[in-house]
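In: Here is the input, now give the coordinates:
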Amino acid sequence: MYLLGGLMILFFLAINMGGMFYMWILLEMVFFFVIFYLIVTCYKKLNLNSIVYYLFIQALGGIMLMSSFLIEMFYFGNFYFFNSGMSWICFFLGLMSLLIKMGVFPFYLQIYKIMIFMNFKQIFMFMVYPKVVPMVMLYNLIGGVEFELNGILIIPFLLLLISGFQGIYSSDIREILAWSGMSQLSWIFVGILGNFFFFFSFFILYSVLLYYICFMVFGSGSKIYYDYMLVGGGYFGNFIMMLLVFLMSGLAPFLMFYMKLFLIFEIMNYSILFMFLMLLGSLGIFFFYVRVIQMGLSLGGSFYYFISNNYIFKPNYVLFFNLFLFSLGGILILV
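Out: Numbers count the residues shown, from 1 in each chain. Here you go, the predicted model:
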């Protein structure tokens, strides 16, 4: 649970930073911390070419971000005057650099080249921690603009479309988590365009679900998670994993469904067309989630391997309370 606590502390630091320059420093510190953690913990398995490619892309994003802020501050006094062409360039340069930092389309390939060499504990850190500060910076950047940015909604639609298409052809659980994270990032991006509470709540909910999934599978031992063919199994662990997949898929009546429903209402304030595009892109996501569930049910006990002496797999009141909250939280909200 210390990783979730560190996530909340990182959110608190990012929100309370005094300016974009300090947030940029925090962003680069988190980035180097995650890279150092990956190199130290799996230096024998990690692909060096993928690490160098990821470092190059992230360094390019950091340089672009700092350049956009410096030019805007020196020429326009820390405010975007959109009657100037240079200010437009600075704004979209900063926006593109934050998308690079978050791993948003089309700058996502460097992430998935690395994830196939990770265990699930490393996947959680890699999928969650580097995205916190860029999301807060993106919210501050877009929130300071006093006109509608309907065209930006094409980004979450492309995220849903690509992740749904690629997830169908994925057979490694780590790849499926990567494409699932990309689809969830599209809804988080919609929350960034709207209300901070929706954005923050959705990201925390996704992080908690990803934490449970990663550490349940991580406790099963180090294996090659390919074609879901893990040996062994337990009914309790199998049931919990199936429930977690249902929770993350956003199906009714689970809490994630109502969070996405609120975000759809938020999209309607921008454009009805993009609302239909987001719903269309969600079909592919639901399809590969159903594919995962179908594979798990068809393989039965061989779907997951669980170690009985691991504390997280034993029935306990805390785990059941959290699952009950995520399962029926949407109904409680409606009541």
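
In: For Leu3, which residues are in contact?
Out: Leu3 sits next to Phe124, Met125, Tyr211 when contact means Cβ atoms under 8 Å, 6 or more residues apart in numbering. Every residue, glycine included, has its C-beta placed from N, CA and C.

In: Helices along this protein, start to end?
Out: Along the chain, the stretches classed as helices by DSSP state H are 2-15, 20-41, 48-76, 85-102, 109-115, 120-143, 154-168, 173-193, 196-218, 235-249, 255-268, 272-299, 317-334.

In: deepest of those, which one?
Out: helix 173-193 (a mean of 24; mean count of other Cβ atoms under 10 Å).

In: Quick one: list the elements packing against that one.
Out: helix 109-115, helix 120-143, helix 154-168, helix 196-218, helix 255-268, helix 272-299 (3 or more Cβ pairs under 8 Å, 6 or more residues apart in numbering; DSSP states H and E).

In: again, 7 Å this time
Out: helix 109-115, helix 120-143, helix 154-168, helix 196-218, helix 255-268 (3 or more Cβ pairs under 7 Å, 6 or more residues apart in numbering; DSSP states H and E).

In: Would you mind saying which of these lies nearest Trp88?
Out: Checking those against Trp88 by Cβ to Cβ gives helix 120-143 as the closest, at 13.3 Å.

In: show me what contacts the residue lying closest to Leu209 once chain neighbours are set aside?
Out: The spatial neighbour of Leu209 that comes closest, neighbours along the chain excluded (Cβ to Cβ, 6 or more residues apart in numbering), is Met248 at 5.0 Å. Listed by Cβ atoms under 7 Å, 6 or more residues apart in numbering, the contact set of Met248 reads Ser180, Leu209, Met256.

In: Same question for Tyr139.
Out: With Cβ under 7 Å, 6+ apart, Tyr139 has these contacts: Ile192, Phe196, Phe199.

In: Go through those and say which is closest to Phe274.
Out: Ile192 (14.6 Å).

In: thinking Phe262 is in contact with Phe198, fair?
Out: Yes - here Phe262 reaches Phe198: they are 5.9 Å apart, a contact under Cβ atoms under 7 Å.

In: Rebuild the helices of the chain as a markdown table, extending it with mean pLDDT.
Out: Below are the helices of the chain laid out as a markdown table (pLDDT from 0 to 100):
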| stretch | mean pLDDT |
| --- | --- |
| helix 2-15 | 81 |
| helix 20-41 | 83 |
| helix 48-76 | 78 |
| helix 85-102 | 79 |
| helix 109-115 | 71 |
| helix 120-143 | 84 |
| helix 154-168 | 81 |
| helix 173-193 | 83 |
| helix 196-218 | 81 |
| helix 235-249 | 69 |
| helix 255-268 | 80 |
| helix 272-299 | 74 |
| helix 317-334 | 56 |
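
In: re the thing from before, okay, the contacts of Met248 in CSV with distance to Trp187 next?
Out: Formatted as CSV, the contacts of Met248 follow (distance: Cβ to Cβ, whole Å):
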residue, distance to Trp187
Ser180, 11
Leu209, 13
Met256, 9
